[in-house]
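Q: Here is the input, now give the coordinates:
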Amino acid sequence: MPEVRVIARAVAQQGKSDELKALLRGLVQPTQAEAGCKYYELFASNLPGVFVFNELWESQTHLDAHVASAHFREIFGKATVLLAEPLEVNLLTAVA
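A: The predicted model follows:
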């Protein structure tokens, strides 16, 4: 199975950036310990309230397991009310 690269973007509602950042930070350590996670990084953008995940998974199956995990569901359940727009998830394909 091919690796799966992901860039995900979360945008906080005005005044909710610190709260969202704290929740999203809570995803990093447990996700990095998941089977199939090659890397999982969280960045703050230069744009206020914008956070970006850079991810690499061994397979789509591993990514699907991550999205179904208790910690992902719990944190994004809480984060949804802090988002200014839906979570943007991009699966990347290399361009030769």
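Q: What helices and strands are in contact with the helix or strand bottoming out on mean pLDDT in the chain?
A: Across the helices and strands of the chain, mean pLDDT, DSSP states H and E gives its lowest value to helix 70-79, namely a mean of 94. For helix 70-79, the contact count by 3 or more Cβ pairs under 8 Å, 6 or more residues apart in numbering; DSSP states H and E identifies helix 17-32 as packing neighbours. Where you see a C-beta, it was placed from the backbone N, CA and C, and this is true even at glycine.
Q: Just want the angle from the helix it packs on to helix 70-79.
A: Here helix 17-32 runs at an angle of 170 degrees relative to helix 70-79 (axes from the mean of the first three to the mean of the last three Cα atoms, to 10 degrees).
Q: counting contacts, what elements does helix 17-32 pack onto?
A: Using 3+ Cβ pairs under 8 Å, 6+ apart, the elements in contact with helix 17-32 are strand 37-44, strand 50-57, helix 70-79.
Q: hmm, 10 Å instead?
A: Using 3 or more Cβ pairs under 10 Å, 6 or more residues apart in numbering; DSSP states H and E as the contact criterion, the elements in contact with helix 17-32 are strand 4-11, strand 37-44, strand 50-57, helix 60-68, helix 70-79.
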